[in-house]
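Asks: need a 3D model of the following:
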Amino acid sequence: MIATTSRPAPAANPADHPVLPALLSRPYPAVMGVLNITPDSFSDGGQFIAPEQALAQARQMIAEGADIIDIGAESTRPYGSKPVPADEELRRLRPILSEVVSLGVPVSIDSMKSAVVAWALDHGAAIANDIWGLQRDGGMAGLIAERNVPIIIMHNRDSADASIDIMKDMADFFARSLDIAAKAGVSPGNIVLDPGIGFGKTPKQSITALARLGELQSFGLPLLVGASRKRFISTVTPSEPHQRLGGSIAAHLLAAQNGARIIRAHDVAETVQALRVAAAIREQG
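Replies: Here you go, the predicted structure:
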């Protein structure tokens with residue numbers, strides 16, 4: 001078990017950004033649709049790098065029920081991604097971000113660079129998604145506090161280590177991130193935790209993180225899970241990323257059962273349907 005003291009959920013603060021309470025108020029998890037405007041993402045690299053293709057994909061995901069569009073302009077796949085300078089991220093984002101914002105659904109900016117996040121917030125993004133949980137860019141926490149926007153703090157490691165207790169590692173990581181957030185003045189009501197399925201973890205550790213997700217509720221913060229098309233699925237049933245819909249939905253349904261309030265997915269229509277049907281069945285139980 002995670003050696004943390006159970007904490008009550010943060011009280012609603014009228015001064016917090018309103019987007020999170022709205023997303024978390026329904027009986028089923030919100031769905032975050034993945035929009036990679038990159039040439040090298042593990043599942044759909046290059047498919048949506050052209051602005052017109054990216055905008056069409058955003059419209060499609062919204063029509064399918066996406067509650068959030070998460071835009072990333074740098075591949076952060078755990079295996080073999082190459083760093084991208086901030087200028088290149090911005091070059092990819094400029095033609096598309098404002099257009100997606102205009103569609104009326106909250107937009108999340110998936111970037112570990114505070115300069116990119118600041119630009120995106122200036123152009124209408126409402127949520128920051130940091131795969132290094134405020135621990136890589138020293139300016140990120142201060143930016144989030146100043147702008148009073150939600151931040152997704154994801155657990156990560158430079159490399160996987162099969163010998164460690166991954167749940168303890170996550171708990172320690174989140175404790176460090178939350179200390180950084182508190183010192184910068186980030187409101188707890190603006191924080192979401194993400195176990196980082198596939199990031200700095202062996203496939204077995206990713207499965208453990210999903211199986212024991214409920215332990216992270218000890219932090220008293222909403223949880224986001226993104227297991228969509230991840231490699232651990234292929235260790236259970238051999239498959240390529242585009243063949244992992246069934247495994248993704250299985251993981252996400254169990255994540256929702258164990259406390260996830262936001263699900264990050266490539267396959268929006270199928271994920272929305274699965275979550276809503278599961279919620280309807282539970283309501284009749």
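Asks: so what's the nearest residue to residue 157 once chain neighbours are set aside scoring on pLDDT?
Replies: Using Cβ to Cβ, 6 or more residues apart in numbering and skipping residues adjacent in sequence, the residue nearest residue 157 is residue 200, 2.6 Å away. From N, CA and C alone the C-beta is placed, and that goes for glycine too. We note a pLDDT of 96 for residue 200 in this prediction.
Asks: show me what contacts residue 200?
Replies: By Cβ atoms under 8 Å, 6 or more residues apart in numbering, the contact set of residue 200 is 78, 155-160.
Asks: can we see that at 10 Å?
Replies: Residue 200 sits next to 78, 131, 154-161, 164, 166, 169-170, 173, 206 when contact means Cβ atoms under 10 Å, 6 or more residues apart in numbering.
Asks: between the residues you listed, which is closest to residue 259?
Replies: Closest approach between the contacts of residue 200 and residue 259, by Cβ to Cβ: residue 170, at 14.0 Å.
Asks: contacting residues for that closest one?
Replies: 2, 155-157, 193-196, 200-201, 205, 208-209, 212-213, 215-216, 219.
Asks: and it, that's in a helix?
Replies: Yes - assessed by DSSP: H, G, I helix; E, B strand; the rest coil, residue 170 belongs to a helix.
Asks: where's it relative to residue 47, distance?
Replies: Between residue 170 and residue 47 the distance is 31 Å, computed by Cβ to Cβ, to the nearest Å.
Asks: what does residue 238 give?
Replies: The gap separating residue 238 from residue 47 is 23 Å, by Cβ to Cβ.
Asks: how about residue 63?
Replies: Between residue 63 and residue 47 the computed distance is 18 Å (Cβ to Cβ).
Asks: again, but for residue 180
Replies: Distance from residue 180 to residue 47, by Cβ to Cβ: 35 Å.
Asks: put the alpha carbons of stretch 119-135 into PDB.
Replies: What follows is stretch 119-135, C-alpha atoms only, in PDB (Å, rounded to 0.1, in the frame of the first residue of the first chain):
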ATOM      1  CA  TRP A 119       1.700  30.900 -25.100                       C
ATOM      2  CA  ALA A 120      -1.100  28.300 -25.300                       C
ATOM      3  CA  LEU A 121      -2.900  29.800 -22.300                       C
ATOM      4  CA  ASP A 122      -2.600  33.200 -23.900                       C
ATOM      5  CA  HIS A 123      -4.400  31.800 -27.000                       C
ATOM      6  CA  GLY A 124      -7.300  30.100 -25.100                       C
ATOM      7  CA  ALA A 125      -6.000  26.800 -23.700                       C
ATOM      8  CA  ALA A 126      -7.700  26.200 -20.300                       C
ATOM      9  CA  ILE A 127      -5.600  23.300 -18.800                       C
ATOM     10  CA  ALA A 128      -1.900  22.500 -18.600                       C
ATOM     11  CA  ASN A 129      -0.800  18.900 -19.000                       C
ATOM     12  CA  ASP A 130       2.800  18.400 -17.700                       C
ATOM     13  CA  ILE A 131       4.300  14.900 -18.200                       C
ATOM     14  CA  TRP A 132       7.000  15.800 -15.700                       C
ATOM     15  CA  GLY A 133       4.700  16.900 -12.900                       C
ATOM     16  CA  LEU A 134       6.200  20.400 -12.300                       C
ATOM     17  CA  GLN A 135       9.600  18.900 -11.800                       C
END
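Asks: so which bits of it are buried?
Replies: 119-121, 125-135 (16 or more other Cβ atoms under 10 Å).
Asks: low pLDDT regions in this structure?
Replies: Along the chain, segments meeting pLDDT under 70 span 1-12, 40-46, 77-81.
Asks: how about the nearest residue to residue 124, chain neighbours excluded?
Replies: In space, residue 124 is closest to residue 101, 3.4 Å off (Cβ to Cβ, 6+ apart).
Asks: residues in contact with the one you found?
Replies: Residues near residue 101 by Cβ under 10 Å, 6+ apart: 58, 69, 71, 107, 120, 123-126.
Asks: so residue 238 and residue 47 - more neighbours on which side?
Replies: Taking other Cβ atoms under 10 Å, residue 238 and residue 47 do not tie; residue 47 has more neighbours (15 against 8).
Asks: isn't that one up against residue 60?
Replies: No - look at residue 47 against residue 60 with Cβ atoms under 10 Å: they stay out of range, at 11.9 Å.
Asks: thinking again about what came up before, now the contacts of residue 101 in a markdown table, with distance to residue 22 and secondary structure?
Replies: Shown next, in a markdown table, are the contacts of residue 101 (distance: Cβ to Cβ, whole Å; DSSP: H, G, I helix; E, B strand; the rest coil):
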| residue | distance to residue 22 | secondary structure |
| --- | --- | --- |
| 58 | 19 | helix |
| 69 | 15 | strand |
| 71 | 19 | strand |
| 107 | 14 | strand |
| 120 | 20 | helix |
| 123 | 21 | coil |
| 124 | 16 | coil |
| 125 | 16 | coil |
| 126 | 10 | coil |
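Asks: having no further points to raise, I will conclude here.
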